[in-house]
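# show me how the following folds:
(2 chains)
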2 protein chains.
Amino acid sequence: MTLEVSVNLPDKTYKVLIHRGLIHHLGNRLSRIWRPGKVAVISDSTVGPLYQDQVIRQLRTAGFPATSLKVPAGESSKSWETAVTLYRALIDHHFTRSDGIVALGGGVIGDLAGFVASTYMRGIAFVQVPTSLLAQVDSSVGGKTAVNLDTGKNIVGTFYQPDAVFIDPDTLETLPDRYIAEGYAEIVKMSALSGGSFWETTGQIHHPEDIVARAEVLIQKSVAFKARIVIADEKESGLRQILNFGHTIGHAIELQAKGTLAHGEAISIGMARLSQLFENYGLTESGTSRSLIQRLQEVGLPLDSSLIGTSDFYHKIISDKKNHGGRLNLVYLKKPGEPALYPVPTDRLQLFFSGKNSLES
Amino acid sequence: MTLEVSVNLPDKTYKVLIHRGLIHHLGNRLSRIWRPGKVAVISDSTVGPLYQDQVIRQLRTAGFPATSLKVPAGESSKSWETAVTLYRALIDHHFTRSDGIVALGGGVIGDLAGFVASTYMRGIAFVQVPTSLLAQVDSSVGGKTAVNLDTGKNIVGTFYQPDAVFIDPDTLETLPDRYIAEGYAEIVKMSALSGGSFWETTGQIHHPEDIVARAEVLIQKSVAFKARIVIADEKESGLRQILNFGHTIGHAIELQAKGTLAHGEAISIGMARLSQLFENYGLTESGTSRSLIQRLQEVGLPLDSSLIGTSDFYHKIISDKKNHGGRLNLVYLKKPGEPALYPVPTDRLQLFFSGKNSLES
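Got it, this is the predicted structure:
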């Protein structure tokens, strides 16, 4: 079974293909969308050893002079310094605008390789092959790229759409439960924003094994939902903001936790805390938080953190790039399937998070 | 007299305004296109002292909380390291996606500030106020941004269109003749590509003073010509390549000269050498080189360099980002107004530049 989602943007149309075993047919798939040219397969020290050699062989068989580029695994590779090592490698291999980059790995590789593809010679061709659940359902779709500065995550980046996203759910077999669960946090988020049958589907997941067993449909529903939002608002000037549900708090504590919280774990905490808060304020329909938290809890995701509410927490929130001119647009659910924005002036954030704000509605 | 050129791109439409004294009305002009929000005026240690304080005052009067950011003058500021100091300053001033950047300076400032605007939080609003002739007629229009790596000029960059370009020809009064002439090299280039009345206009320029005296019309014709090309091919996949006339050689010797040749001087040499070569090969109409070279020579531009033909020269040419899959598309003139591309395989470059290649046509 091949599931397919089309992302039709004003400038570009591309497909997200979801198929078990797809990683063994990348050469073939790529030759349908790219003319022969050099290809750099960018991967990391965790994912590279699993797939990179095989992928390189396939690409060569399909007529692409393919080069393997590896970076160390981990968030610290999402840096300008690593980007420069990649630019240099591309220059050394005489890569030009006729050539392309394949990102083979999780979110860090996708963001980093995407940033390099979008800026090397002002942009060369780019394909995503996400191998973590988080990247498959979220970061590989939508065209966001980034490198980190030490002052903040994703402060520097571009919007740059890939030519295709190839997703092989079989790559999840080697992923530890913790990283299955963190990817699932984004799936729960999208099902909560979407409501309807997608929300019901996440209601049927009770263990990490359920996620892997139903990976294809979960990925397909997530990608289709995200694509719909991205198509409506590619550059995040309006609707796309709803995808930040749980992310304002999440980013702040993820930064504070300095690597001990995975992104999806921080988002889980952000959603749990925020939906309780909005339910207490009476803006979220009663019982919604409980259903949401149950979904997160059943797969072992964390729901709270002592990092929330510290002065560093507020400082990080104010520096968030979703801060628009002194107001932070927080995403909440009226109920599943009905997201909304609630603007909080940054000088009232502390009051708001204390639960004691009197809300203007 | 205000001259105006509209740049209508699929995603964005913006205006280039050319008006003597415009720099004294920036606050007013900006308030017609931007809602009130923070503005960072990025300038350098040469241009900043001339205009920055005045511009900041005007912007504040017009309701923009304006901040002045300065970088050292010179090509070495077109670097990632300088970009990071600007990102940090924007973070410190809590700049968000609702805020904007004004580039006040020459090509280095435009490229650098444009790169920062295009990548800070994945893109914030951006206006160009070019103060050198080179930036006014060329780099401020078309949306190219860049920072340099030590391995090459403009290897890293983006395509990112400004919201407006405000050109005040009076800023040329403080520019030394050498930099008037180098900007004029790009004007001659565009008049040669354009032909017709524009080519005739450059035929009437015999001294650097003529350039300043007729700056408005020369800038307007250049911008209008460049805009037409950029509109037809924003991302440089086809027609836009003709703007590289003289640039393949030019970039290579500019890099080798390590700052002793100005960009426009290198381009002058590139055009002179290349048009002679193509005229010798019989592809350029007889007499064209002479007319072209005369225009360059009369304002004191250099026409040749011993850097051409060294092994470093060939190495740099092959690394040029206009190298497409082992072929270099050289731009030549059949005659003024009729540019064409001639692809040279990179392994025959040396033969080609020796003048001994037998051309396939």
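# rest of the way, CA atoms for contacts and neighbours
OK.
# low-confidence ranges in chain A?
A:320-325, A:358-361 (pLDDT under 70).
# nearest residue to the residue nearest the centre of it in space, please, no chain neighbours.
The residue lying closest to the centre of chain A (C-alpha atoms, centre = their mean) is A:Ser139, at 2.6 Å. Nearest non-adjacent residue to A:Ser139, counting by C-alpha to C-alpha, 6 or more residues apart in numbering or on different chains: A:Gly107, 6.0 Å away.
# please name the residues that touch A:Gly114.
Shown in contact with A:Gly114 (C-alpha atoms under 8 Å, 6 or more residues apart in numbering or on different chains): A:103, A:126, A:143-146, A:160, A:162.
# and what of A:Lys12?
Counting by C-alpha under 8 Å, 6+ apart, A:Lys12 has contacts A:Gln161.
# phi, psi for it please.
Dihedral angles phi and psi of A:Lys12 (degrees, to the nearest 10) take the values phi -160, psi 140.
# could you measure from it over to A:Ile18?
20 Å (C-alpha to C-alpha, to the nearest Å).
# the residue nearest to the centre of chain A reaches A:Gly105, doesn't it?
No: under the criterion of C-alpha atoms under 8 Å, A:Ser139 is not in contact with A:Gly105, lying 11.2 Å apart.
# the nearest residue to A:Ile211 once chain neighbours are set aside and B:Ala252, how far apart?
Closest residue to A:Ile211 in three dimensions, ignoring its sequence neighbours and counting by C-alpha to C-alpha, 6+ apart: A:Ile205, at 6.6 Å. According to C-alpha to C-alpha, A:Ile205 stands 60 Å off from B:Ala252.
# then A:Ser194?
Separation of A:Ser194 from B:Ala252 (C-alpha to C-alpha): 54 Å.
# try A:Val331
52 Å.
# OK, contacts around the residue in the stretch 1-150 of chain A positioned nearest to chain B?
Using C-alpha to the nearest C-alpha, the single residue of the stretch 1-150 of chain A nearest to chain B is A:Arg122, 4.3 Å away. The neighbourhood of A:Arg122, defined by C-alpha under 8 Å, 6+ apart, consists of B:144, B:146, B:155-159.
# secondary structure class for it?
Following DSSP: H, G, I helix; E, B strand; the rest coil, the label given to A:Arg122 is coil.
# who touches stretch A:281-290?
Residues from elsewhere that reach stretch A:281-290 (C-alpha under 8 Å, 6+ apart): A:272, A:275-276, A:278-279, A:332-336, A:355, A:359.
# what comes up buried for it?
A:283-284, A:288-289 (16 or more other C-alpha atoms under 10 Å in any protein chain shown).
# which ones among the contacts of stretch A:281-290 lie within helices?
If you go by DSSP state H, these have A:272, A:275-276, A:278-279 in helices.
# can you redo the residues you listed as JSON lines with distance to B:Phe245?
Formatted as JSON lines, the ones in helices among the contacts of stretch A:281-290 follow (distance: C-alpha to C-alpha, whole Å):
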{"residue": "A:Ala272", "distance to B:Phe245": "59"}
{"residue": "A:Ser275", "distance to B:Phe245": "59"}
{"residue": "A:Gln276", "distance to B:Phe245": "63"}
{"residue": "A:Phe278", "distance to B:Phe245": "61"}
{"residue": "A:Glu279", "distance to B:Phe245": "64"}
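# highest neighbour count among those?
Using other C-alpha atoms under 10 Å in any protein chain shown as the neighbour criterion, A:Ser275 leads the ones in helices among the contacts of stretch A:281-290 with 26 neighbours.
# residue contacts, that one?
Counting by C-alpha under 8 Å, 6+ apart, the residues that A:Ser275 touches are A:284, A:288-289, A:332-333.
# for those, which one is nearest chain B?
A:Tyr332 (21.1 Å).
# number of residues surrounding that closest one?
26.
# does it touch A:Pro343 like I think?
No: counting by C-alpha under 8 Å, A:Tyr332 stays clear of A:Pro343, with 10.5 Å between them.
# residue numbers of chain A in contact with chain B?
Within chain A, the positions near chain B by C-alpha under 8 Å from any C-alpha of the partner chain are A:37, A:88, A:91, A:94-99, A:118-123, A:144, A:146, A:151, A:154-159, A:318-319, A:321-325.
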